[in-house]
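[1] sequence below, structure please.
(chains A and B)
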Amino acid sequence: LAKTTQPISMDSYEGQEVNITCSHNNIATNDYITWYQQFPSQGPRFIIQGYKTKVTNEVASLFIPADRKSSTLSLPRVSLSDTAVYYCLVGGPHNAGNMLTFGGGTRLMVKP
Amino acid sequence: NAGVTQTPKFQVLKTGQSMTLQCAQDMNHNSMYWYRQDPGMGLRLIYYSASEGTTDKGEVPNGYNVSRLNKREFSLRLESAAPSQTSVYFCASSEVLAGEQFFGPGTRLTVL
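    Got it, this is the predicted structure:
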């Protein structure tokens, strides 16, 4: 299984850009990288998914280097409402077990 | 379009009692999942159903049973509740196995 490693927690301030890095040294050729966000007392919510290079949507950007052994979720100009846990998952339908393993995630605290 | 709904929202059981958690999705998704989340921890997969008519064990299936009643509904049953099953239970669905998952609001279960 492709194991992922993320920082346990991060602090930031409103208006700053936050970058959360995930290491996945054993990523397989067909694996995708997916990030979820979870607010307290809610289920996780899909943020972004990518395979290589850069993916951007209205919420975040995902940067994936050429070797794909890590990825960085970038949240531009965070606000207090971005305080949440962020999970990095690596896998795909061919490797369902990985995509269904959430791990501990990264607890982001945004301060005023 | 309600997405994923779960009932009940809260439940208190005594040790040894049984109960069924209900989950339904209206997105015509093929795959459905049950997770549990203990305080301060990530989600752990209990059971999943890749498609109607199939179910498979996840990481922590002991003490639970599931039924994929039809394409919309996926229930989780605790036959003899134990205090170790005190947790928040999330149901999720996705169009394909291990694809983007949509989560329900969760059921907070306490076993005394």
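
[2] against residue A:50, how distant is whichever residue of chain B sits closest to chain A?
    Going by C-beta to the nearest C-beta, chain A is nearest to residue B:103 of chain B, at 2.7 Å. All C-beta spots, glycine's among them, are computed from the backbone N, C-alpha and C. Relative to residue A:50, residue B:103 is positioned 21 Å away (C-beta to C-beta, to the nearest Å).

[3] repeat that for residue B:26.
    For residue B:26 relative to residue A:50 (C-beta to C-beta), the value is 29 Å.

[4] between these two, which has more neighbouring residues?
    residue A:50 (19 against 12; other C-beta atoms under 10 Å in any protein chain shown).

[5] okay, that one: pLDDT?
    Looking at residue A:50, its pLDDT is 93.

[6] how about residue A:69?
    94.

[7] repeat that for residue A:90.
    88.

[8] just checking, it is part of a strand?
    Yes - applying DSSP: H, G, I helix; E, B strand; the rest coil, one finds residue A:90 inside a strand.

[9] pretty sure it contacts residue A:35?
    No - assessed by C-beta atoms under 8 Å, residue A:90 is found out of contact with residue A:35, at 10.3 Å.

[10] need the overlap of contacts for these two.
    Shared contacts of residue A:90 and residue A:35 (C-beta atoms under 8 Å, 6 or more residues apart in numbering or on different chains): residue A:22.

[11] circling back to that earlier point, how close does the residue of chain B closest to chain A get to residue B:32?
    From residue B:103 to residue B:32 the distance is 11 Å (C-beta to C-beta).

[12] what about stretch B:11-28, start to end distance?
    28 Å (C-alpha to C-alpha, to the nearest Å).

[13] oh sorry, the question was meant for stretch B:96-109
    Taking C-alpha to C-alpha, the first and last residues of stretch B:96-109 lie 29 Å apart.

[14] buried residues in it, which are they?
    Within stretch B:96-109, the residues scored as buried using 16 or more other C-beta atoms under 10 Å in any protein chain shown are B:97-107, B:109.

[15] the most centrally placed residue in chain B pairs with what?
    Of all residues in chain B, the one closest to the mean position by C-alpha atoms, centre = their mean is residue B:34, 3.0 Å from it. Beta bridges link residue B:34 to residue B:47, residue B:91, judged by DSSP bridges.

[16] give the contact list for the residue of chain B closest to chain A.
    A:42-45, B:4, B:90-92.

[17] contacting residues for the nearest residue to it once chain neighbours are set aside?
    Of all residues not flanking residue B:103 in the chain, residue A:43 sits nearest, at 2.7 Å (C-beta to C-beta, 6 or more residues apart in numbering or on different chains). With C-beta under 8 Å, 6+ apart as the criterion, the residues that contact residue A:43 are B:4, B:90, B:92, B:103-106.
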